[in-house]
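Undergrad: need the 3D shape of this:
(one chain, ligands or ions: 1)
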Amino acid sequence: MTEIDIHADGVEMVKSLCYFCHANCGVLAYVKDGDVIKIEGDPDYSNHGGLCCRGTSALLHVNHPARINHALKRVGEKGEGKWEQIPYDQAIQEVAEKLNQIKAESGAEAVATAGGTTRTDDWARRRFLNQFGSPNGFHNALLCWIPTFMAETCVAGWSPFETDLGGAKCLILWGMNPGASTLGGMDGYTDLQKAGLKIIVVDPRYSETASKADLWVPLRPGSDAALALAMLHTIIYEGMYDFNFVNEWCDGFDELREHVKDYTPEWAAPITWLKPEQIREVARMYAMNRPGCIQWGCTWDQIGRASTTGSHAIALIRAVCGNLDVPGGDGMPGPSLGFLTDEEMEANECLPEEQKAKQIGSNKFKLTSWPGYQLISDNAKRTWGKTLPTEWFCEAHGPSVFKAIITGDPYPVRALIVNATNPVNSYGDAKMTLQALKQCEFLVTVDYWMTPAALFSDYVFPAAGALERPTIVTHYGATDSFMGGRRAIQPKYDRHTDMTFWRKLGLACGQDPEMWPWETEEEAYYHILKPLGLSISCYNDFVDYYRMYYPPLHQNKFITNGGFWTPSGKVECNSSILRQLGYSGMPTYIGCIENEIDTPEIAEEYPIVLTTGGGFMPYHHSEHFQMEGIRFLYPDPYFSINPELAEKLKIEYGDWCWIETRRGRIKMRANVEPEVHPNVVFAPRGWWFPERDGSADLDNPFGCLESNVNVLTSVDDWDCDPMGGSWANRGLMCKVYKCGEFDKEYKPSDTQFSIPGSSKEPGVTVMPSDQHLAREPIPFEVPQPPEEVPEGYEWVWQSGNLYTKDTHFRLDESGWLINPRTKGYHDAYTGWRYDAANECLVDDETGKMYTMDREEIPFVAGIRCYPGSEAAPYEVPEQLTWDVAKGHAVLGDLAFVYDPNSGWLIDPETGAFHDAYYGYTYDAERACLVDEASGRCFDMGYNELVAEEPEPASEEAAPEGAAAAEEGE
Ligand code: SF4
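TA: Numbering: from 1, shown residues only. Here you go, the predicted model:
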C-alpha cells in the first residue's frame, strides 16, 4: 500500500461533507493537483471523525469505471443499450426542445420529475418546475417523515423533531434502530441512560437498539396506530396528562377524551400482539417521566393506509403530556428567520393557481399536496413570516404519476425526468413502475450509474458526486440551522451538479436568465447565507471559518409569543386544518392493509406477517450495489426468519426462498435468527444486480424485480394513506417457501401489478379520477366571517382574526397590523412600520419616514426637521435659535442645520461639520476647528493654534539636489 503524505507540498485540506446518506457526516478531503488523494472523518464535526463503510468508499466512487461520465443519447430501441456520446450542452438543448414541444401540445403538467432522497439543492428542481409551469414533481418523501411532519404541524404548528435529551427523563425510539444506522447516535443515548434517561424501544425486532432498552415493546408490524391510540387512552383516563398545559394551551381536549374512550389497552391487545399491561407500562413510563422525547422513525410513514392516523396519535401523546417546545422535550425550531429558506429559493409565485390544481394526487391525498400545503403554509406565514418548502412537503403522488403514464388518467404524462433515484427499486409496485418507465414517451435520467430507469431513457446525464460538489444541510429546508461542506475538486469528465442541470435546462427552455443569477452552487449558497450578516465574503469562507450555524436554542416560545403556531394559537386536539380538508380532526383507527383481524381470508392463504423497507449496511436505499469494494460485505439478499418458523417450513440458513404476497413473489436467502417474532419475516429493501447486463432481459433488467421487496408492496389507492398518500410497506401478509429445483428462476409472471384479491391476472388498478377521495370525506363547512371582510384581507375562522392577503399581517384589536416575523406594529392603511423610538411611521421599502398623520417627514442634510412647529422637540443650546419656518435650530444667519444627536451644525451644501458656538469648520485631518473668515485654527477647546516657524535650513542640511534645483539645473 502506498503511504500518503498529507503534509507534503501542494496538498490542500478541504472541509467537505459525505453525500452517501442524509446524515451528511463531516469529511476532510486531501487534494493534490486537482485530485483527492485521501479522505478521513472530520473530528470537529458531529461524526467525531468517524465514517461508515459507505463514507470511506468515496474515492472508489469518484473513480469507479461504471460511472456515467458523459451525456448519452439513445440511438437504438428503448432498453437496447445503444448510445451516442454527445456534448452536455447539446443534450440539454435537445431535451429542452422536446419538453417545450410537449408543453405546447399537452400543457406543462404533462412533464413530471422524480427525485431521490434529500441531500441538497432540491429547491433548484422546484425553481425549474415552477417556471416551466408543472406541479408534478415528486420524491419518495411520503415514506419518510413528510406525512408525519404535516400531521404534527396540524396539531401544534410545526413538527417537534428536535430532541433536547440532556434535560429529558424518558426517550421513546419508535420504529428506528440507531444502534445499527446512526453514527455516534447510540453512544449518546446509552451515556445518557447511565445518567438516568429511560429508553423505550418500540420495534417488532429485538434489534441492536432494543437490546439496550429499559423497555422493549415488540408490537406486531403495522399496528403502530392501535398502540398509539391505546397509549393516548391510558394517559388520559389514568389522569397522567399535564393538567396545567392542557387547560391553558390545548383546544378540543374534551372532544379528544371522548374520541379515544374505546381505544383501551384491551381493545389494542389482539391487534398489537401485546398484553394490555405492556401497553399500560409503556404509557406510564413515558407520561410519568416528564419531560420526555419521542423520536420519529420512518416506520410511521410506511404502513400505507394506517400511517398518518398513527403519527397523528403519537403527536397528541406528546402534546397532552406537555412535552412540546420545553426544555427536555421535543423542540419545534420553525423555519429559518436568519438565512434564506429553501422556500424562498423555489420561486413558487411563478406557478399559476390553475396549474397547482392539476397536481396529480392532490384530489386524493390532500395533506401532502397543494390543498393541505396551502393551509399549513398560509398559517406558517401568518406565524413566522416564512414557511416550508414545496419540495417534499407539497408534491405529486409518485405512484399516481406512474399510473397516469400508463393509463392517461387523469391526463397523459408524456415526459419524466428521473433525477438521482432508481424508481423501480424505491417506489411501491415495482412492476407497474417499470412498465411506466418503459412506456413513457420521453424519459430523461440524471444519475451516477446505468439504472433500469437510465436504460429506458432517451437521454442520460452524468451527475457529479460527493467530492465534486459543495453541500449544504438544512434538514429538508425545515429548520433554522445550517451546515456546509466545500467541493473538494471540480466535477470530472462532463459530470455536472443537480443545480447546474436544472439551471441549464431552465435557460434552454427559455426561462428568464435573471431568475437564474447564480452560476455555481457557491454563489447560490452565499446568497442564502448573506442575511445572517456573518463576516464572510464567499461560501467557502463560511465553511472554513464557521462550518455550521446554529441560532441560540429557543424553548417555551409558545409562552413568549402568546401561543402555538396553529390557526387557533393552541395545540389543536381536534385539528381544524384536517377538518377543513375533509378528514377527521382526531386520529381514528384504521388497520394496516392486510391483517388477521380485518382480512382473515387473506391471512388464511398468506399466514405470515411481512415487514419491509428497512435499510442495511453497506447500502443506502438501492445505492452502492455496484461498489465491489463494499458489496463483498453483503453480496446476496437475505431475509430474517425465526428458527421456529424456519424449522416448520424446513428452511435452513442460506436457503434461497420465495416470499410471496398477493402481488407477486421475490427470491431471497434465509437468515435464520431469533430476533424476529416466530410469525414475522423481515425483508430488506433496495436489491438489484447492476453487475448484470441490463439489456439482456428487459422484463427484469439488472435483476431489478427478482429480489426487490417492492414487488410485494402495494400502491393501490385504497391501500395508501388517505391523508398523506404513503403506500403499504409494512404489516403485509405473505407466505414463504423454499425455492424448488424446478422453481428457482425468476419468471415475468412472478411479479404482478397491484390487484387486491388476485395475483393471477396482471393489470393496473387505478381509481378513476372522478372518484376523488380514497376515503369518504367527513362533511365539514368552513364557518363564515361574522362581518364583511375588507378588501385585501382574509378571515381565519379558527382564530377569528383578519390577516392581510399579501403580507399575512394580523389586524389587531387596536387597529394596527402585527408583522408575524418581527411582531412589530404596522399602519393598517399603508403597511408602514411604527418606529417607537422616533414616534413615526417608516416605509421600509423607500426608507422614508412619516408623521403619525402619514405626512412625509422632511430631512435636511440627513437631519429630521419640524417645519411649522412653534417649539423645538429637543433641547436647543442657548446660542442657537429655533427657526419655525425651517423646523430646525440655527446659528445666527448661517445656513447650517443643527443636529441634536451629535451637537454639531451641518452644512447642507457640503455636508461639512461646524461647531455650534462660532460656526467654525471641523477639519478632520488636523482634528481642529478652522475659522474660514480669518483662516485661524483652534483646538477643540477653542485655544488658537499657532503654526510653528520652520527652522531656516543650513546649506549642509539641505536635501541632496536642492542646491542644484535652485541653480536651475
Ligand atoms: S454514508 Fe456513512 S459516512 Fe456518509 S453520511 Fe451516511 S453515515 Fe455518514
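Undergrad: only C-alpha atoms from now on, for both contacts and neighbour counts.
TA: Fine.
Undergrad: with adjacent residues omitted, what lies nearest to Ala168?
TA: Distance criterion C-alpha to C-alpha, 6 or more residues apart in numbering; nearest residue to Ala168, sequence neighbours excluded, is Gly328 at 4.0 Å.
Undergrad: OK, contacts around the one you found?
TA: Taking C-alpha atoms under 8 Å, 6 or more residues apart in numbering as the criterion, Gly328 is in contact with Thr163, Asp164, Leu165, Gly166, Gly167, Ala168, Lys169, Pro291, Gly292, Cys293.
Undergrad: helix/strand/coil for it?
TA: Under DSSP: H, G, I helix; E, B strand; the rest coil, the three-state class of Gly328 is coil.
Undergrad: pull the longest strand out of those in the chain out as CSV, backbone CA atoms only.
TA: Across the chain, the longest stretch assigned as strand under DSSP state E is strand 664-672. Output of strand 664-672 as CSV, limited to C-alpha atoms (Å, rounded to 0.1, in the frame of the first residue of the first chain):
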residue,chain,number,x,y,z
GLY,A,664,-46.1,-11.4,-6.6
ARG,A,665,-43.1,-13.2,-5.3
ILE,A,666,-39.3,-12.5,-4.8
LYS,A,667,-36.3,-14.6,-4.0
MET,A,668,-34.1,-14.1,-1.0
ARG,A,669,-31.8,-16.2,1.1
ALA,A,670,-32.8,-17.1,4.7
ASN,A,671,-31.0,-15.6,7.6
VAL,A,672,-32.3,-17.8,10.5
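Undergrad: related to what we said a few turns ago, and the residue nearest to Ala168, how far from the ligand?
TA: Distance, Gly328 to the ligand, using C-alpha to the nearest ligand atom, to the nearest Å: 26 Å.
Undergrad: got the buried residues for the longest strand of the chain?
TA: Counting neighbours by 16 or more other C-alpha atoms under 10 Å, one finds that the buried residues in strand 664-672 are Gly664, Arg665, Ile666, Lys667, Met668, Arg669, Ala670, Asn671, Val672.
Undergrad: same question, stretch 621-634
TA: Using 16+ other C-alpha under 10 Å as the burial criterion, the residues of stretch 621-634 that qualify are His621, Ser622, Glu623, His624, Phe625, Gln626, Met627, Ile630.
Undergrad: find me the pLDDT at the second one, would you?
TA: Pointing back at Ser622 there. In this model, Ser622 is scored at 88, pLDDT.
Undergrad: show me the contacts for it.
TA: Taking C-alpha under 8 Å, 6+ apart, we find Ser622 in contact with Asn422, Asn425, Ser426, Arg685, Gly686, Trp687, Trp688.
Undergrad: what's the answer for Cys144, then?
TA: Counting by C-alpha under 8 Å, 6+ apart, Cys144 touches Cys298, Asp301, Gln302.
Undergrad: the buried residues of strand 664-672 also near the ligand: which ones?
TA: Among the buried residues of strand 664-672, not one lies near the ligand by C-alpha under 6 Å from any ligand atom.
Undergrad: confidence-wise, which of the residues you listed comes last?
TA: Gly664 (90).
Undergrad: partner residues bridging that one?
TA: On the basis of DSSP bridges, Gly664 takes part in beta bridges with Thr661, Thr751.
Undergrad: isn't it right next to Thr751, touching?
TA: Yes: look at Gly664 against Thr751 with C-alpha atoms under 8 Å: they come within range, at 4.3 Å.
Undergrad: what touches both of these two?
TA: Here Gly664 and Thr751 have Val711 as joint contacts, going by C-alpha under 8 Å, 6+ apart.
Undergrad: what segments of the stretch 451-600 of the chain are helices?
TA: Using DSSP state H, counting those that start in this stretch, the helices of the stretch 451-600 of the chain run over residues 452-455, 498-508, 521-529, 539-545, 557-560, 576-580, 600-605.
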